[in-house]
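*Asks:* Sequence unavailable; structure follows:
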């Protein structure tokens, strides 16, 4: 970590005074999940790695509720001084604005993007008893029997639900959504054959796939998952642009000085690029990104209309 610290000192040799005396006290990182959830685990890894570089602790504050809206509202209203950050996610920054009316923040206006920390591959898995051994066979089966096949998720608006809805649009097939309260019970019912399929994080299903309890048909990200290198992507299987990635990124309240955003970006990008950090994140099925604030801003901007269209299609079909 000493190397990362030295690199930062070199990078900010000519930095303005505001950055040089930042941070002068602990930084609060607000997380929208309970301890142990993916964004919480990433936040704690990041906090542990950043503390020696920034020479201040990162205090993790868990504020679950309303699909991330509680945490986002708190962060959006915090002073823009670099001492309150938010662990952003697909839900908070891309899907909630379309799903929930009157949320107390605007993902593009109320936050300053710092960096996209990592992406998590979702895998389309089916119960092995289903007579579909490939993605095309599944699509044919779904089209032949409209409303017959079911897909599980961790609840309405969850990543698994929206991935399934995006797949319905792409496959032009009628599938029935079966929502659960958590990913675990949803997955158990797919393994038990009560529900036929599910989009689930690679880290959650890899062992079940190897043991033959689930059959993996495709990965729902642009690139293959290192956890399941033999499983092709939906893009490779003839559906260009299909991407139902779950992602996590660091944002600050809008108006945070650029110098502070730069310090946080360079610090975070340096520590998550460390081989030890990559290994820990990889074990969780997280592919490290660490892009620039401008790239992350463009990424969020592209994600919002994409998921708004998916959410609109759900509303159309349920009314």
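*Replies:* Received it, and whenever you're ready, just let me know what you need. Remember, it's a predicted structure, so these values are computed and weren't measured experimentally. Numbering: from 1, shown residues only.
*Asks:* contacts, neighbours, all on C-alpha from now
*Replies:* Will do.
*Asks:* Would you map the helices across the protein?
*Replies:* Assigned by DSSP state H, the chain shows helices spanning 2-11, 17-20, 38-54, 69-76, 90, 96-99, 135-144, 159-171, 183-191, 202-210, 258-272, 275-283, 293-318.
*Asks:* closest one to residue 219 among those helices?
*Replies:* Of all the helices of the chain, helix 202-210 sits nearest to residue 219, with 8.3 Å by CA to CA.
*Asks:* Find the residue at the geometric middle of the chain.
*Replies:* residue 247 (2.3 Å; CA atoms, centre = their mean).
*Asks:* Tell me, what's the model's pLDDT at it?
*Replies:* Per-residue pLDDT puts residue 247 at 94.
*Asks:* still on that earlier bit, for residue 241, find the nearest of the helices of the chain.
*Replies:* Taking CA to CA, helix 159-171 is the member of the helices of the chain nearest to residue 241, at 10.1 Å.
*Asks:* Taking their axis directions, the closest one and helix 135-144 sit at what angle?
*Replies:* Helix 159-171 and helix 135-144 are oriented at 80 degrees to each other (axes from the mean of the first three to the mean of the last three CA atoms, to 10 degrees).
*Asks:* Each with direction, which strands does the top strand by length along the chain pair with?
*Replies:* Counting residues, the longest strand found in the chain (DSSP state E) is strand 111-120. Its sheet considered, strand 111-120 pairs with strand 246-253 (antiparallel), strand 286-288 (antiparallel) by DSSP bridges.
*Asks:* Show residues contacting that strand.
*Replies:* 76, 201-202, 245-256, 261-262, 264-265, 268-269, 272, 285-294, 296-297 (CA atoms under 8 Å, 6 or more residues apart in numbering).
*Asks:* Type out the ChimeraX command that picks the buried ones from those.
*Replies:* To isolate the buried members of the contacts of strand 111-120 in ChimeraX, using 16 or more other CA atoms under 10 Å:
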select :76,201,202,245,246,247,248,249,250,251,252,253,254,256,261,262,264,265,268,269,272,285,286,287,288,289,290,291,292,293,296,297
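*Asks:* Spit out the contact partners of residue 110.
*Replies:* Residue 110 neighbours (CA under 8 Å, 6+ apart): 76, 253, 254.
*Asks:* scratch that, residue 291
*Replies:* For residue 291, the contact set (CA under 8 Å, 6+ apart) comprises 115, 116, 117, 269.
*Asks:* Export those residues to TSV and append columns for pLDDT and distance to residue 21.
*Replies:* Shown next, in TSV, are those (pLDDT from 0 to 100; distance: CA to CA, whole Å):
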residue	pLDDT	distance to residue 21
115	97	22
116	96	25
117	95	25
269	92	20
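*Asks:* which one of the strands paired with strand 111-120 lies closest to residue 137?
*Replies:* Nearest to residue 137, of all the strands paired with strand 111-120, is strand 246-253, at 25.7 Å by CA to CA.
*Asks:* how much does the closest one deviate in direction from helix 258-272?
*Replies:* Interaxial angle of strand 246-253 relative to helix 258-272 (the same axes, to 10 degrees): 150 degrees.
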